[in-house]
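> missing the sequence, but the structure's below:
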């Protein structure tokens, strides 16, 4: 099971840090991705990290603003989001990929959290 936290309401230009924690398995062995879905839109990849100290990946809109990281001791993955824009408003999900690769594609992920709402006001 994955649980996201850290969402909320923030002003344009503000920051949030999302957290993803796993129960029942060790997140270090999995690729982990952050995805988002806005109303009426498809779910899209935001950022991903390979297993262990893995390679990181970012969608173009996230580059330079968002940072993905792991805390192996806490079995958690974070998404630091800075310079937030109203178009970043969405439900954000974390997901785990047993292959360990980490990818921005939705399909390979085996386990999904229930999401956390991020709302950026203009």
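The structure has been received and is ready for your questions. Just so you know, these numbers come straight off a predicted model, no measurement behind them.
> In space, what's closest to residue 117 - neighbours in sequence excluded?
residue 7 (4.9 Å; C-beta to C-beta, 6 or more residues apart in numbering). (C-beta placed from N, C-alpha, C; glycine too.)
> Hmm, that neighbour is touching residue 16, no?
Yes - with contact defined as C-beta atoms under 8 Å, residue 7 reaches residue 16; the gap is 6.8 Å.
> Please identify every residue contacting each of these two.
With contacts defined as C-beta atoms under 8 Å, 6 or more residues apart in numbering, the residues shared by residue 7 and residue 16 are residue 118.
> quick one on the thing from earlier: got a list of what the residue nearest to residue 117 touches?
Going by C-beta under 8 Å, 6+ apart, residue 7 touches 16, 18, 92, 116-119.
> ok, so of those residues, who is nearest residue 79?
Set against residue 79, the nearest of those by C-beta to C-beta is residue 18 (4.3 Å).
> Give the bridge partners for the residue nearest in space to the middle of the chain, please.
Centroid-nearest residue in the chain, with C-alpha atoms, centre = their mean: residue 34, separated by 2.4 Å. Beta bridges link residue 34 to residue 47, residue 94, judged by DSSP bridges.
> Just confirm it contacts residue 20, I think it does.
Yes - the pair residue 34 / residue 20 is scored as a contact, 7.5 Å apart, by C-beta under 8 Å.
> Now the common contact residues for these two.
Common neighbours of residue 34 and residue 20 (criterion: C-beta under 8 Å, 6+ apart): 77, 79, 94.
> Compare those and tell me which has the most neighbours.
Using other C-beta atoms under 10 Å as the neighbour criterion, residue 94 leads the shared contacts of residue 34 and residue 20 with 33 neighbours.
> measure it to residue 104 for me?
Remark: distance between residue 94 and residue 104 (C-beta to C-beta, to the nearest Å) = 13 Å.
> what about the strands in the chain?
Using DSSP state E, the strands found in the chain span residues 2-5, 8-11, 16-22, 31-37, 44-49, 56-58, 66-71, 76-81, 90-97, 111-112, 116-121.
> which strands and helices sit next to the shortest one?
By that I understand strand 111-112. The contact analysis (3 or more C-beta pairs under 8 Å, 6 or more residues apart in numbering; DSSP states H and E) places strand 111-112 against strand 90-97.
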